[in-house]
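Enquirer: here is my input, please return the structure:
(one chain, ligands or ions: 1)
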Amino acid sequence: MDGNGRWAQKRGYPRIFGHIRGSARVRLIVRAASELGVKALTLYAFSTENWSRPEGERSVLWRLLKKHLLREADELQRQNVRLRVIGEVERLDPDLQKVVSAVVDKLKNNTGLQLTFAVSYGARSELVRAAQLFSQDCLQGIRSTSDLTESVFERYLWTSVLGDLAGVDLFVRTSGERRMSNFLLWQSAYAECVFIDTCWPDFGPHHLRGAIEEYSRRERRFGGVSAQGPEFTSPHSEDILLK
Ligand code: FPP
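Expert: Modelled structure (predicted):
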């Protein structure tokens with residue numbers, strides 16, 4: 001959800017105005033995702049690096065998150081949305097942690113859109129933490145190092161709660177930046193990336209629909225070859241390989 005600060009500054013407002021409008025966009029986009037049949041949506045709300053922002057800006061973000069959770073809980077329930085929060089939740093203010101747990105708990109039986117807020121999230125932290133947890137299990141005899149496969153490792157990631165939906169199909173970044181910025185690096189190994197110049201406070205359902213349409217035109221080969229392509233069987237193939 002990038003570009004809140006720039007959106008505000010371009011209009012001569014303090015950065016927090018961008019966050020306020022950005023927070024209102026979350027409601028619109030969650031509803032649009034549900035209506036478009038998206039199974040899982042993860043929004044990057046606060047990164048481990050965002051802790052370096054001024055205290056005033058951080059506290060506005062926490063207030064917006066809390067307000068959003070309290071205001072939207074009933075509506076999310078009506079929409080059958082399940083919510084999860086991933087990241088270093090233990091670093092949040094205890095009062096916010098309580099609100100997070102209460103709303104997550106309220107929506108826990110919902111089977112529609114699987115919505116995740118990544119809060120104090122960093123993919124590198126997630127990977128290091130997973131390695132630490134796996135090592136602890138080895139030391140306690142619950143696992144042995146030879147058990148380690150990709151699918152076992154995935155069980156130690158924060159996104160393990162999403163089960164089969166943890167892998168990212170489509171990665172959308174707003175505001176014209178073309179970086180991953182430490183977001184779901186493992187899970188995005190084969191994500192299709194769509195970069196949109198619009199800042200998050202102006203991101204609307206039509207942008208989401210456009211990104212999904214763009215995704216549906218992509219050919220995902222996962223390192224394989226195109227299903228339709230001609231076989232490489234030239235009578236000269238050996239010559240070509242030897243040159
Ligand atoms: C990125 O814009 C946005 C954020 C760091 C905060 C996003 C969080 C909210 C909108 C708060 C509410 C969250 C939820 C899930 C309801 P930026 O400030 O990095 O923009 P810039 O790159 O233009 O400075």
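
Enquirer: excluding covalently adjacent residues, which one is nearest to the residue in the chain that the ligand sits nearest to?
Expert: Residue nearest to the ligand within the chain: Gly5 (2.7 Å; C-beta to the nearest ligand atom). No exception for glycine: its C-beta is placed from N, CA and C like everyone else's. Sequence neighbours aside, Arg15 is the residue nearest to Gly5 in space, at 4.1 Å (criterion: C-beta to C-beta, 6 or more residues apart in numbering).

Enquirer: give me the number of residues near that neighbour?
Expert: Other residues within reach of Arg15 by the criterion other C-beta atoms under 10 Å amount to 17.

Enquirer: and the protein, which residues reach the ligand?
Expert: The chain has residues 1-6, 19, 22-23, 26, 43, 45-46, 50, 61, 64-65, 68, 117 near the ligand, with proximity defined as C-beta under 6 Å from any ligand atom.

Enquirer: and the longest helix seen in the chain, what's buried?
Expert: Longest helix in the chain, counting residues (DSSP state H): helix 55-78. Buried positions in helix 55-78, judged by neighbour count with 16 or more other C-beta atoms under 10 Å: 60-61, 64-66, 68-69, 72-73, 76-77.

Enquirer: check stretch 106-117 too.
Expert: By neighbour count on 16+ other C-beta under 10 Å, the buried set for stretch 106-117 is 107, 110, 112-117.

Enquirer: quick check: the farthest pair among the residues you listed?
Expert: With C-beta to C-beta as the measure, no two of the buried residues of stretch 106-117 lie farther apart than Gly112 and Phe117, at 16.2 Å.

Enquirer: okay, now the closest residue to Val60 other than its chain neighbours: neighbour count?
Expert: Nearest residue to Val60, sequence neighbours excluded (C-beta to C-beta, 6+ apart): Ile16, at 4.6 Å. Burial of Ile16, expressed as a neighbour count using other C-beta under 10 Å, amounts to 19.

Enquirer: which other residues reach the helix or strand where Ile16 lies?
Expert: Secondary structure here is read from DSSP states H and E; on that basis Ile16 sits in helix 15-36. Contacts of helix 15-36 from elsewhere in the structure, counted by C-beta atoms under 8 Å, 6 or more residues apart in numbering, are 1, 3-9, 11, 41, 43, 56-57, 60-61, 64-65, 67-68, 72, 75-76, 79-81, 112-113, 115, 199-201, 203-205, 208-209, 212.

Enquirer: that older thread, mind listing what the residue of the chain closest to the ligand touches?
Expert: Under the contact definition (C-beta under 8 Å, 6+ apart), the residues listed for Gly5 are 15, 18-19.

Enquirer: name the SS class of it, please.
Expert: Reduced to three states with DSSP: H, G, I helix; E, B strand; the rest coil, the structure at Gly5 is helix.
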